[in-house]
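Student: Here is my input, please return the structure:
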Amino acid sequence: MKRLQPAASAGFWWAILGGLALVALVATVAVLTANDATGQAGAGGPHPGKVAVAPAPRPGVTARVGYDPLSSAERDAALKVALSDERVAKVMGGASRSETIVVERHEETKTVYARGAWDRRADVVFYLYGPDLAISVVVNLATRAADGVDVRAKYQPTRTRGEMNRAFDLALADLTAAGKIRSAYQNRIGRALADPEAIERYGFVFMPDEVPEATSPDVLACGLRRCALMVLAVTGDVLDTTIVVDLSNGRVVYAGGDK
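Tutor: This next block holds a predicted model:
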């Protein structure tokens, strides 16, 4: 009777086991190399013999669209277009000085928004000292032209930070108003005012009926002229003052009953 021969020799199985070991070794080296490369890339760059991992690309900067607020470039372009418009230049010619009140995205109508796409437009508002006029310009940023110019008297847009700083300087230069400010500061803080920059300045459009006890002709002219009701504070605590400054004429017209 013949003996059965084994299906494979011992050498065959050693070859199989050796091959599997080689595959496992290669896989382990690959994983370690990848991990090391990632660590080196995050630690300051690749080293010789290491695989560098490229950083993810940064997203590109896209242009402002739709409801996005104006970019600084759009604001600059809108201001330039508004100032170069002949209608605006003609009115500004009669002003002693002007103040740029706002440059912001123009709010379109619901009908325009319903289209799904529209030209980027901006509202530019100036106040003209001297004639006391407000100019509102609608600038089309796509066509680089003014779509509309509106000039109005007796219209008082919001006060700017620059205007409130000027009003504060005028108040400090006025003996009565300055005395009120220093006294209110002393009562609130407990020491004399050494640095006027410690006082926060806010302001509102002032109309005569807002302070009934202020009845002087200069106060009653506010609304026709550019007046500001000052609100002063220190670290958020409002000072006890009521001061109205006429920015058109550069003087304090009310300081709490004494003026």
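Student: what residues go with each domain of this protein?
Tutor: Domain ranges of the chain: 72-153, 161-255, per automatic domain parsing.
Student: So Tyr202 versus Gly190, what's the distance?
Tutor: 23 Å (C-beta to C-beta, to the nearest Å). Glycine gets a C-beta too; all of them are placed from N, C-alpha and C.
Student: Who has more neighbours out of the two?
Tutor: Remark: of Tyr202 and Gly190, Tyr202 carries more neighbours, 15 against 7, as counted by other C-beta atoms under 10 Å.
Student: so that one makes contact with Met230?
Tutor: Yes - between Tyr202 and Met230 there is a contact at 7.4 Å, judged by C-beta atoms under 8 Å.
Student: any residues in contact with both of the two?
Tutor: The contact sets of Tyr202 and Met230 overlap at Met164 (C-beta atoms under 8 Å, 6 or more residues apart in numbering).
Student: Now do the same contact list for Cys222.
Tutor: Neighbouring residues of Cys222 by C-beta under 8 Å, 6+ apart: 206-208, 244, 246, 253.
Student: out of those residues, which are buried?
Tutor: 206, 208, 244, 246, 253 (16 or more other C-beta atoms under 10 Å).
Student: how about those in a markdown table, adding pLDDT and distance to Val125?
Tutor: Formatted as a markdown table, the buried ones among the contacts of Cys222 follow (pLDDT from 0 to 100; distance: C-beta to C-beta, whole Å):
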| residue | pLDDT | distance to Val125 |
| --- | --- | --- |
| Phe206 | 92 | 18 |
| Pro208 | 88 | 23 |
| Val244 | 97 | 22 |
| Asp246 | 97 | 20 |
| Val253 | 96 | 24 |
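Student: Please identify which pair of the residues you listed lies farthest apart.
Tutor: Pro208 and Asp246 (11.8 Å; C-beta to C-beta).
Student: Need the three-state assignment for Tyr113.
Tutor: Three-state assignment for Tyr113 (DSSP: H, G, I helix; E, B strand; the rest coil): helix.
Student: How confident was the prediction at it?
Tutor: What the model reports as pLDDT for Tyr113 is 94.
Student: do Val211 as well
Tutor: On the pLDDT scale, Val211 is placed at 88.
Student: which ones are touching it?
Tutor: Contacts of Val211 (C-beta under 8 Å, 6+ apart): 219, 229, 242, 244, 254.
Student: mind pulling up the phi and psi values for it?
Tutor: phi -130, psi 90 (degrees, to the nearest 10).
Student: residues touching Val112, list them.
Tutor: So Val112 contacts Trp118 (C-beta under 8 Å, 6+ apart).
Student: same deal with Gly162?
Tutor: Glu99.
Student: And Asp132, by the same measure?
Tutor: 153, 224-226, 248.
Student: Highest neighbour count among those?
Tutor: Going by other C-beta under 10 Å, Arg226 tops the contacts of Asp132 with 24 neighbours.
Student: hey, C-alpha coordinates of stretch 218-226 in CSV?
Tutor: Coordinates of each C-alpha in stretch 218-226 appear next as CSV, following Å, rounded to 0.1, in the frame of the first residue of the first chain:
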residue,chain,number,x,y,z
ASP,A,218,-30.7,129.6,20.2
VAL,A,219,-32.2,126.4,21.6
LEU,A,220,-35.5,126.9,19.7
ALA,A,221,-33.4,127.2,16.5
CYS,A,222,-32.2,123.6,17.0
GLY,A,223,-33.6,121.4,14.3
LEU,A,224,-33.0,124.1,11.7
ARG,A,225,-29.4,124.0,12.9
ARG,A,226,-27.3,120.9,13.9
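Student: mean confidence for that stretch?
Tutor: Mean predicted confidence for stretch 218-226 is 93.
Student: could we number from 36 for the rest of this?
Tutor: Okay, residue one is now 36; in that scheme the one you just asked about reads as stretch 253-261.
Student: on that earlier part again, could you list which of the buried ones among the contacts of Cys257 belong to strands?
Tutor: Counting by DSSP state E, the part of the buried ones among the contacts of Cys257 found in strands is 279, 281, 288.
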